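S.K.: pasting the sequence and the predicted coordinates here, then a few questions.
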Amino acid sequence: MKINKITIQHVKGIEQIEILQPLVANRPNILVAPNGFGKSSIATAFSSLKPNKLELAPDDCYNQDQRLPSSVSILLDDNQTLTANSTSNTIKNVFAVHVVNCQLKPKAFAQNRGKFHVAKASLDISDTIIYKSIPQKIKISYSFRNFKNIYRGVLGKIITNVEDMFSQYDLLCKIDKKIQFHKFELKQYQKAFDVWKTKILTFNQKTVIELKRAILNSNCELEHDEFKKLAVLLKDELQYEDLIDAQCAAVQYIDTRLNCGQAIYSNVITYLKYIKQRKQIDDTLSEINPVKERFPVRAKEKKGQLVIEWPKANMISSGQRDILVFIAKLMECEFHEHKNCILVIDEFFDYLDDANIVAFQYYISNLIDSYKRDKRVIFPILLTHLDPNYLKHFCFNDKRMNVCYLKSSNAKCSLMLMKFVKERETESIKDYLDTFYFHYNNETNVADFTDEFKKVGLNEDWVNPTAFRKKVERECRKYLLEPDKVYDPLAICFAVRIKIEENVFQMLAEEYQQEFLATHGTKEKLNYAQSKGANSLKLIICLELYIITHFIQQELMIWQSHYL
């Protein structure tokens, strides 16, 4: 499944936007756009989806004009269009929607100080609601004593208490998945059971051990294929030594389930699932909570809901708060019963440290795998202003990741310049490129490197560094004077770096200029100039700006060399 297009109209800062890049199911879809583009407005549109309509808060209407029609539309790859507006919502028919964003909420209160009131404010973290409605607490009615009385004789003597089996959610789910229980409702099973029970009653050994050994040696089995499958499953799962114990457990399971009825049994499964997930929530939060000695964070039942209450926002750091709330929201998403899901994450990882970025990716990957195992579909949509290619700790598998750039750019790197960066470390031309191309040099008489350029496939028109410099300076002027035209960001970085070094070179006293040229690396050159130009106010001011600018253009060159 793919989402081919998302259209949003009149939501917050968005008048109308179309996201035309296809989003892929069960893969991280990373939507990259600069600050101010409207990423939070996209998240607001999805978070405002109610079961029967799109309901915006007054402040979330475009230009705060509640008269304008707002809508969210999704086009799927089968040409089905899902739409939500002020009167309807067909998105809910296909997708459950979850949004992870800032959970801080301001809280104001007044303190009575006699003749006057003092207003105070604080920041709270909104409760995370895992279950909007806690399932009814219900247990299967099982009585070991009753079964001993009902079966009587040898069978009543050899059965064991299997009450614990009916509280094992994973086991009961496995039985439902592998065993066709409806076959036990047919007469064929009852006949086979009666025959087996009659045979069992013929044994007359005195002890339970002797009875079981005699039954096993006689190959006395209940001749029913589905029963045999169930007995083998229980023997493996409950680790019985003898098959007869598993058979006794199987007949008790069948009779208990038939007696309670399908409706009650289904409710029991639902409640056991709730218990398991609640434990999973508490275990996960305890494992990742860095301040659990001060603030134990656990799920609790509150007004018929299962919620996670958080400490006051000022009690924990922003990073600790964000990763805890994020993982709790992921569990809320994972435990939702809907077949398909859209998960929107609004600029969450943009401000996390390296360790938490890795944790963030780990839990997203696990969530996707969980959906795939259950044959469900999830669209994780990560809204960010950071290009994941720049993040050294962003380690999603490249083949798994779907990066979409929402804002088109006129930037286009020249293949020949990219080749220049790639071949920078080629031994035969390394020093030549470093001296005359990647850095400023006032020398005009240079050696002829035509043959070396040919060997590595560099542009022969640039064998003379002067021609190369004219090329990058032209690109820089075009970028400044014709901003609507396509530009080469790599050429601009070359031009800016060379110009910075030239300006600093000219501001230095002559006695320091040659040492400046011989110093390797722009950063090192600027540091050298700083140490030799302490008496020049103009140089000091310029160097501060140049050092900042250097890091911007340096980042692009490093990135290009890494990904070529």
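M.R.: Looks like it arrived, so ask away.
S.K.: tell me the SS of residue 6?
M.R.: Of the three states, residue 6 takes strand according to DSSP: H, G, I helix; E, B strand; the rest coil.
S.K.: check the closest residue to it other than its chain neighbours and give its pLDDT.
M.R.: Of all residues not flanking residue 6 in the chain, residue 19 sits nearest, at 4.2 Å (Cβ to Cβ, 6 or more residues apart in numbering). (Glycine included, C-beta is placed from N, CA and C.) As predicted, residue 19 sits at a pLDDT of 91.
S.K.: give the buried residues for the helix or strand harbouring residue 505.
M.R.: According to DSSP states H and E, residue 505 maps onto helix 489-507. Buried residues in helix 489-507, defined by neighbour count with 16 or more other Cβ atoms under 10 Å: 489-501, 504-505, 507.
S.K.: just these now: which is nearest residue 30?
M.R.: residue 489 (20.8 Å; Cβ to Cβ).
S.K.: list the contacts of the residue nearest to residue 6.
M.R.: 5, 6, 7, 31, 42, 404, 406 (Cβ atoms under 8 Å, 6 or more residues apart in numbering).
S.K.: neighbour-wise, give me the winner out of those residues.
M.R.: Using other Cβ atoms under 10 Å as the neighbour criterion, residue 42 leads these with 27 neighbours.
S.K.: ramachandran angles for it?
M.R.: Main-chain dihedrals, residue 42, degrees, to the nearest 10: phi -60, psi -50.
S.K.: quick check, it in contact with residue 18.
M.R.: No - under the criterion of Cβ atoms under 8 Å, residue 42 makes no contact with residue 18, lying 11.5 Å away.
S.K.: now do the shared contacts for those two.
M.R.: Joint contacts of residue 42 and residue 18 (Cβ under 8 Å, 6+ apart) are residue 6.
S.K.: the spatially closest residue to residue 163 that is not a sequence neighbour: neighbouring residues, count only.
M.R.: Leaving out its chain neighbours, the residue that sits closest to residue 163 by Cβ to Cβ, 6+ apart is residue 142, at 5.1 Å. Applying other Cβ under 10 Å, we find 21 residues neighbouring residue 142.
S.K.: show me the contacts for residue 142.
M.R.: The neighbourhood of residue 142, defined by Cβ under 8 Å, 6+ apart, consists of 162, 163, 166, 252, 256.
S.K.: and it, what element?
M.R.: With DSSP H and E as the test, residue 142 turns up in no helix or strand.
S.K.: just the element for residue 44, please.
M.R.: Under the assignment here (DSSP H and E), residue 44 is part of helix 39-47.
S.K.: so what touches that helix?
M.R.: With contacts defined as Cβ under 8 Å, 6+ apart, helix 39-47 is touched by 6, 8, 11-14, 17, 19, 31, 33, 54, 56, 60, 70, 72, 97, 99, 101, 342, 344, 346-347, 383-385, 406.
S.K.: which among those residues end up buried?
M.R.: The neighbour-count criterion (16+ other Cβ under 10 Å) marks 6, 8, 11-14, 17, 19, 31, 33, 54, 56, 60, 70, 72, 97, 99, 101, 342, 344, 346-347, 383-384, 406 among the contacts of helix 39-47 as buried.
S.K.: now residue 317: phi and psi?
M.R.: According to degrees, to the nearest 10, residue 317 has phi -70, psi 160.
S.K.: what distance do you get for it to residue 531?
M.R.: As judged by Cβ to Cβ, to the nearest Å, residue 317 and residue 531 stand 38 Å apart.
S.K.: for residue 320, same thing?
M.R.: Residue 320 is 42 Å from residue 531, by Cβ to Cβ.
S.K.: what about these two, which has more around it?
M.R.: Applying other Cβ under 10 Å to residue 320 and residue 531 shows that residue 320 carries more neighbours, namely 17 against 9.
S.K.: wait, a helix at that one?
M.R.: Yes - counting by three-state DSSP, residue 320 falls inside a helix.
S.K.: what's it in contact with, if anything?
M.R.: When contacts are counted by Cβ under 8 Å, 6+ apart, residue 320 touches 290, 291.
S.K.: now do the contacts for residue 15.
M.R.: Residue 15 makes contact with 9, 62, according to Cβ under 8 Å, 6+ apart.
S.K.: local confidence estimate at it?
M.R.: 91.
S.K.: next, give phi and psi for it.
M.R.: phi -80, psi -50.
S.K.: hang on, isn't residue 72 packed against residue 5?
M.R.: No - here residue 72 lies out of contact with residue 5, judged by Cβ under 8 Å, at a distance of 11.6 Å.
S.K.: in the stretch 451-564 of the chain, which spans are helices?
M.R.: For the stretch 451-564 of the chain, the helices defined by DSSP state H, counting those that start in this stretch cover 465-481, 489-507, 510-518, 522-532, 537-563.
S.K.: so which residues make contact with the first one?
M.R.: Contacts of helix 465-481 with the rest of the structure, by Cβ under 8 Å, 6+ apart, involve 436-437, 441, 444, 446, 461-462, 485, 487-488, 491-492, 494-496, 498.
S.K.: flag the least confident of those.
M.R.: Ranked by pLDDT, those bottom out at residue 444, which has 71.
S.K.: so who does residue 20 touch?
M.R.: Contacts of residue 20 by Cβ under 8 Å, 6+ apart are 4, 5.
S.K.: make that residue 176, sorry
M.R.: Under the criterion of Cβ under 8 Å, 6+ apart, the contact list for residue 176 reads residue 269.
S.K.: what segments of the stretch 151-300 of the chain are strands?
M.R.: Along the stretch 151-300 of the chain, counting by DSSP state E, counting those that start in this stretch, strands occupy 299-302.
S.K.: ends of stretch 213-227, how far apart?
M.R.: Taking Cα to Cα, to the nearest Å, the first and last residues of stretch 213-227 lie 21 Å apart.
S.K.: residue 451: neighbour count?
M.R.: When neighbours are defined as other Cβ under 10 Å, residue 451 has 10 of them.
S.K.: mind checking pLDDT for it?
M.R.: Residue 451 carries a pLDDT value of 88.
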